[in-house]
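Enquirer: could you look at this predicted model? Sequence included:
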Amino acid sequence: MKISNGLLLWACLALAVPAYGGEEDESGEAHEADPLALDAQRRVALGIEVAPTVRRSLPVEVTAPGEVEVNLYRTAQVTPRIAAQVVARHVQMGQTVKKGEQLVTLSSVAMADAQGELLVADREWARVKKLGRQVVSETRFVEAQVKRQQAYAKVLAYGMTPGQVDRLLAQGDASKATGEFALLAPQDGLVHDDDFAIGELIEPGRVLVRLTDESTLWVEAKLDPAAAEAVQLGNPARISVNGADEFRGKVIQFHHHLDEASRTLVVRIEVQNVDDALHPGQFVDVAIGTGESRPVLAVPREAMLLLQGGPAVFKLEGDDFKPQAVQAGVTRSGWTEVTAGLAEGDRVAVKGAFTLKSLALKSQIGDAD
C-alpha cells in the first residue's frame, strides 16, 4: 500500500508548477520545467548530496515499553521519630535544596523534656568533672557521666542533630528547652513531596518531605521473557519520548520475578536526565542493545521524511528526483532501516531532502494558484 501511495505522491508532484524557468516546445508555447529535475551543478548549489543505498551492519535491539521512575538509591524520606507538631515550613515542592538545609521545624513535648534533662545532666557532669575523682566518689563520677551521655543520646534519637544539640548546650539556657527542632535535608535533591501543613500533628514515621536527585533516573522496561534472554547487565539502551527526544542509558538490574499482570520481566535501566527532560511517571519507548548486529538496507536518518503522511525518500533517476514511498524499520546510530521500497544501489538524496520537499510543495502551491 505504501509503495502505491509513493507512485500517487509522485504523480501529484510531477504535475506541480516549478519554481524555476520554463521551456518552449516546437510550437513556441511555454511550459514549466520539472522543479525536481536538477543537474549536478544545481544540486551542489542547493546543498543536495546523493549516495547509493547500501547494506549496513546495525545493532540488534530488544524493544519494549517503559516507565520513568525515581532513583531510589538517590532518594531520601524525611520523617519525625517522635510525635510532634509542625511549627514552620522552610521548603516547597519543586524546590532544590542542599544537604543540611532546614526543611521543617517541629515542636514536641517529649523533645522539651529530653532537652531539659540534657541541660540538667550536662551541668551536673560539668560540676562533677571539675571537682574530679579526688573529691567525689567513683560512683557519683560515673553516674553523672553516664546520665549526661544518655541525655545527649536521647535528644539525638528524638531527631536533633549533633550541631543543634551542641548549640543548645553552648547557650546553657534552660528557657531554650522549648521542644523545637528542625529536620534537615540528608542529601542534595529536589523536594518531590511535601504533604503536610503548619499546625498539623505528626505521628512518628510519617513522611513529611521526600527528596530525590533527578540527575539520574531509572526506567523500568517490561520485556518478554524470551526476548530478555538476549539482554545482559551493562548493555546500552536508548530511551525515546514520543518518538522524538532520545536519552542514553544502561541496564543495571533485572527483577527476579515476572510481573503478575503482564507476565513480563522488568529490566531496570539507569539514564542520565539531561536538561531535566525526564520526569517520574512518564511512559517511554526503550530499545536495548544485545551486542549483536545484522546487515540491513539503510539510509541516513535525515534522508527520510514524511510525505503524504508516510515515510519517503527522494530517489534520483537520471537528473530527476522522484519521491519514493518506503517502509521504515528502526533507526539506530543515525541510520534508518528500509524494509521495502528501495533496492541496494538506488541513488537517493542523503542531504538536502527537506530542500527537495520544499521545492515540490512550492510548485504545488503555484499550481493551485
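Expert: Yes, it's here.
Enquirer: buried stuff in the lengthiest helix in the chain?
Expert: Using DSSP state H, we find that the single longest helix of the chain is helix 109-131. For helix 109-131, the neighbour count (16 or more other C-beta atoms under 10 Å) marks 111, 114-119, 121-122, 124-125, 128 as buried. Using the backbone N, CA and C atoms, a C-beta is placed for each residue, glycine as well.
Enquirer: out of those, who's nearest residue 260?
Expert: Residue 260 lies nearest to residue 111 out of the buried residues of helix 109-131, by C-beta to C-beta, at 44.2 Å.
Enquirer: with adjacent residues omitted, what lies nearest to that closest one?
Expert: residue 179 (4.3 Å; C-beta to C-beta, 6 or more residues apart in numbering).
Enquirer: the one you found contacts residue 87, correct?
Expert: No. Contact criterion C-beta atoms under 8 Å: residue 179 and residue 87 do not qualify, at 9.6 Å.
Enquirer: residue 334 contacts residue 303, doesn't it?
Expert: No. Using C-beta under 8 Å, residue 334 is not in contact with residue 303; the gap is 10.5 Å.
Enquirer: now the element after the helix or strand hosting residue 291, going C-ward?
Expert: Secondary structure from DSSP states H and E places residue 291 in strand 283-300. For strand 283-300, the following helix or strand on the C-terminal side (DSSP H and E) is strand 305-307.
Enquirer: how far away from the center of its chain is that following strand?
Expert: In terms of C-alpha atoms, centre = their mean, to the nearest Å, the centre of strand 305-307 is found 28 Å from the chain centre.
Enquirer: list the buried residues of the helix or strand that that strand is followed by.
Expert: Using DSSP H and E, the helix or strand that follows strand 305-307 in sequence is strand 310-317. In terms of neighbour count (16+ other C-beta under 10 Å), strand 310-317 has its buried residues at 310-316.
Enquirer: same thing with stretch 274-290?
Expert: 278, 282, 284-290.
Enquirer: okay, those residues in JSON lines with distance to residue 235 and pLDDT next?
Expert: Compiled in JSON lines, the buried residues of stretch 274-290 are given as follows (distance: C-beta to C-beta, whole Å; pLDDT from 0 to 100):
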{"residue": "278", "distance to residue 235": "20", "pLDDT": "93"}
{"residue": "282", "distance to residue 235": "22", "pLDDT": "94"}
{"residue": "284", "distance to residue 235": "17", "pLDDT": "95"}
{"residue": "285", "distance to residue 235": "16", "pLDDT": "92"}
{"residue": "286", "distance to residue 235": "11", "pLDDT": "93"}
{"residue": "287", "distance to residue 235": "11", "pLDDT": "91"}
{"residue": "288", "distance to residue 235": "6", "pLDDT": "93"}
{"residue": "289", "distance to residue 235": "5", "pLDDT": "89"}
{"residue": "290", "distance to residue 235": "7", "pLDDT": "88"}
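Enquirer: using JSON lines, lay out these together with distance to residue 248.
Expert: Below are those laid out as JSON lines (distance: C-beta to C-beta, whole Å):
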{"residue": "278", "distance to residue 248": "12"}
{"residue": "282", "distance to residue 248": "16"}
{"residue": "284", "distance to residue 248": "13"}
{"residue": "285", "distance to residue 248": "14"}
{"residue": "286", "distance to residue 248": "12"}
{"residue": "287", "distance to residue 248": "11"}
{"residue": "288", "distance to residue 248": "12"}
{"residue": "289", "distance to residue 248": "10"}
{"residue": "290", "distance to residue 248": "16"}
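Enquirer: re the thing from before, between residue 334 and residue 303, which one's more packed in?
Expert: residue 303 (24 against 9; other C-beta atoms under 10 Å).
Enquirer: give the contact list for the closest residue to the more buried one other than its chain neighbours.
Expert: Spatial nearest neighbour of residue 303, chain neighbours left out: residue 350 (4.7 Å); criterion: C-beta to C-beta, 6+ apart. Listed by C-beta atoms under 8 Å, 6 or more residues apart in numbering, the contact partners of residue 350 are 49-51, 299-300, 302-303.
Enquirer: which of these sit farthest apart?
Expert: Taking C-beta to C-beta, no two of these sit farther apart than 50 and 302, at 13.2 Å.
Enquirer: if you count what's nearby, which of the two comes out ahead?
Expert: residue 50 (18 against 14).
Enquirer: in a helix, the more buried one, correct?
Expert: No. Assessed with DSSP: H, G, I helix; E, B strand; the rest coil, residue 50 is strand; it does not lie in a helix.
Enquirer: state the pLDDT value of residue 173.
Expert: What the model reports as pLDDT for residue 173 is 89.
Enquirer: for it, give its distance to residue 167.
Expert: For residue 173, the distance to residue 167 equals 11 Å [C-beta to C-beta, to the nearest Å].
Enquirer: these two: which has the busier surroundings?
Expert: Each of residue 173 and residue 167 has its neighbours counted (other C-beta under 10 Å); residue 167 has more, 12 against 9.
Enquirer: surely residue 34 and residue 320 touch.
Expert: Yes. Counting by C-beta under 8 Å, residue 34 does reach residue 320; the two are 6.3 Å apart.
Enquirer: looking at those two, which is more packed in?
Expert: residue 34 (18 against 13).
Enquirer: returning to that earlier point: pLDDT for the buried residues of helix 109-131 - can I get that in TSV?
Expert: Below are the buried residues of helix 109-131 laid out as TSV (pLDDT from 0 to 100):
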residue	pLDDT
111	97
114	97
115	96
116	95
117	96
118	96
119	96
121	96
122	95
124	94
125	95
128	94
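Enquirer: identify the residues contacting the residue nearest to the spatial centre of the chain.
Expert: Computing the C-alpha centroid of the chain and ranking residues by C-alpha atoms, centre = their mean puts residue 278 first, at 3.1 Å. Counting by C-beta under 8 Å, 6+ apart, residue 278 touches 68, 214, 217, 239, 241, 247, 271, 284.
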